[in-house]
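Student: Fold the stuff below for me.
(chains A and B)
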Protein chains: 2
Amino acid sequence: MELVVTVAQVRAAVAKARAEGKTIGFAPTMGALHEGHLALIRRARAECGFVVVSIFVNPTQFAPGTDLEKYPRDLASDSAKAASAGADLAFAPAVEEIYPPGDSTFVEVTGQLVDCLCGPARPGHFRGVTTVCARLFHIVVPGRAYFGEKDYQQLLVIKQMVRDLHFPLAVVSVPTVREPDGLAMSSRNAYLSAEERKAAAVLSRGLFAARELFASGERDAAALIAAAKRVIAPEPRLKLQYLELRDAETLAEIKRVGGSAVLALAAYVGQARLIDNVVLG
Amino acid sequence: MELVVTVAQVRAAVAKARAEGKTIGFAPTMGALHEGHLALIRRARAECGFVVVSIFVNPTQFAPGTDLEKYPRDLASDSAKAASAGADLAFAPAVEEIYPPGDSTFVEVTGQLVDCLCGPARPGHFRGVTTVCARLFHIVVPGRAYFGEKDYQQLLVIKQMVRDLHFPLAVVSVPTVREPDGLAMSSRNAYLSAEERKAAAVLSRGLFAARELFASGERDAAALIAAAKRVIAPEPRLKLQYLELRDAETLAEIKRVGGSAVLALAAYVGQARLIDNVVLG
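Tutor: This is a model prediction of the structure:
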């Protein structure tokens, strides 16, 4: 695997692969790679001739005063993990490489998809995500781009952007990878103390309880949410930011599950803000 | 020349040309083609193996109550003109083909480039322009995209977007084409009565007077602007919206011309809003 830092290097490597007839697969990450990221890379490896992973802590998706500075960074370790999962090229640019001096352009998805769940809690976050992904897509020009279902709302926002702006690529979603106790893998799990780490497991247990109730036939939103809350609420180390059941495609509020729905949550566990979800139906 | 109306048709035609090793040249237009547009197509023809022209009256760049409905449309005539200038493919999509139902994504350049000249006069205009160009660039995937210098601010805004978002294409600017009396070619000239058409010629005459004064050594902004206004102001059929001298790259206000500057104007002539400019230095 080659590790590069400039746009020109990426373009050269990708042009060569494309000239050899290879499909370009792309997994954008912020580094601090865990098994969730590696699942994206492995899936890309299985489906594409040339696999690019970006490692870039994108400043525009962090609000002031959040965890941009302390976000975990370890390029040597990330690079080794990406290579072992089958990446051909790792792209770890400086901020100025992606956001050149005098930069003044952004890409924004508006409406229901960004006005709920993490949207109001993280003003500007999704604008930052779409803005950086548009740039990375133009740099890598992948045929297929891989995103994890753990960041479910982000996945829908990216799909919307790709569809609306006619990006010539397919967005591929990859299931959430979990720790043995159910906790969704996340780079932010590194912020947790041992006690908090243990407590955080109730998040997925709550979601799974709702999923079991759904499997047994329950379709009422309030009942499904209550089932999850019964598991989560007793844990004093958690502070739920939201726990909501929404349409799995539009994120519109629903009272009953008709087609498919997503039960999504965000919670503070100490300093860490964690998210998770299960899709029902 | 082939005339197509769907994104899929464009992608198929362009993929074939690219497989043949051809560079893709692209001239986005709103139709009502005149010699200014044909200059873009001819330049693309000279530089590229496959030339695409889009003919699409983009609704998102018109403010409510302006001339979206009455904007001239004549696809048969445009198609013949594009073919005669050397286009290989004309793309004339319906609005829903570019803006699918449920569309909610835009691309926006912010800052100095859009906060002056036509920006304040046409709220949302440049956002509409960048949003449609981003889409068309993703559909056509050109190596070179051609824009006229008549729409000078638009040209800079597109260049900024392409640079900031790392679009893998070169923006090529093509000089303004003028009528024998100097009037810049514009689809909106069709709105002019015979009297208005005659009066409109003072716009370019005013700009040329300033350019001559600049050539004779004058560098003071106020003096250059005054030279243009002395020619334009006496014409009672014109209402100047702005006439300003700005840095040719940043559009920052300048008191004296150091490097290069653009003297740009917008004026109402009857119902028609016309723009023009000359670059000094």
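
Student: Would you mind naming what in chain A lies close to chain B?
Tutor: A:7, A:11, A:98-100, A:103-111, A:113, A:130, A:134-135, A:138-139, A:141, A:160-161, A:163-168 (Cβ under 8 Å from any Cβ of the partner chain). To be clear about C-beta, it is placed using only N, CA and C from the backbone, and glycine gets the same treatment.

Student: Go through the residues you listed and flag which are in strands.
Tutor: A:105-109 (DSSP state E).

Student: and A:Arg127, helix, strand or coil?
Tutor: Using DSSP: H, G, I helix; E, B strand; the rest coil, the structure places A:Arg127 in helix.

Student: Repeat that for A:Leu265.
Tutor: What three-state DSSP gives for A:Leu265 is strand.

Student: Please name the residues that touch the nearest residue to it once chain neighbours are set aside.
Tutor: With Cβ to Cβ, 6 or more residues apart in numbering or on different chains as the criterion, A:Leu265 has its nearest non-adjacent residue at 4.3 Å, and that residue is A:Leu243. Taking Cβ atoms under 8 Å, 6 or more residues apart in numbering or on different chains, we find A:Leu243 in contact with A:206, A:225, A:228-229, A:232, A:263-265.

Student: Would you confirm that A:Gly148 contacts A:Val171?
Tutor: No: using Cβ atoms under 8 Å, A:Gly148 makes no contact with A:Val171, being 11.5 Å away.

Student: Could you name every residue contacting both of the two?
Tutor: Shared contacts of A:Gly148 and A:Val171, defined by Cβ under 8 Å, 6+ apart, comprise A:Leu155.

Student: So for the two, which sits in the more crowded spot?
Tutor: Between A:Gly148 and A:Val171, counting by other Cβ atoms under 10 Å in any protein chain shown, A:Gly148 is the more crowded of the two (22 against 19).

Student: Need the pLDDT of that one.
Tutor: pLDDT, A:Gly148: 98.

Student: hey, what's it bridged with?
Tutor: Per DSSP bridges, the residues bridged to A:Gly148 are A:Val174.

Student: What is the neighbour count of the closest residue to A:Val129 other than its chain neighbours?
Tutor: Once flanking residues are discounted, A:Val129 sits nearest to A:Gln61: 5.0 Å by Cβ to Cβ, 6+ apart. Neighbourhood size, A:Gln61 [other Cβ under 10 Å]: 21.

Student: go on, the one 3 residues further on?
Tutor: Residues lying near A:Pro64 (other Cβ under 10 Å) number 6.

Student: I'd like to know how far it sits from A:Gly128.
Tutor: Going from A:Pro64 to A:Gly128 by Cβ to Cβ, to the nearest Å gives 12 Å.

Student: same deal with A:Lys255?
Tutor: Applying Cβ to Cβ, the value for A:Lys255 to A:Gly128 is 32 Å.

Student: Neighbour count for these two, which is higher?
Tutor: Taking neighbours as other Cβ under 10 Å, A:Lys255 and A:Gly128 compare with A:Gly128 leading, 19 against 10.

Student: which residues touch that one?
Tutor: Contacts for A:Gly128 (Cβ under 8 Å, 6+ apart) come out as A:58-62.

Student: what do you get if the cut-off is 10 Å, keeping everything else the same?
Tutor: Contacts for A:Gly128 were tallied using Cβ atoms under 10 Å, 6 or more residues apart in numbering or on different chains; they are A:58-63, A:106-108, A:122.

Student: returning to that earlier point: of the contacts of A:Leu243, which is the nearest to B:Arg43?
Tutor: Among the contacts of A:Leu243, A:Ala264 lies closest to B:Arg43 (Cβ to Cβ), at 51.2 Å.

Student: need the helices for chain A, in chain order.
Tutor: Here chain A has its helices, by DSSP state H, at A:7-19, A:35-47, A:75-85, A:95-98, A:118-121, A:125-140, A:152-164, A:194-215, A:221-232.
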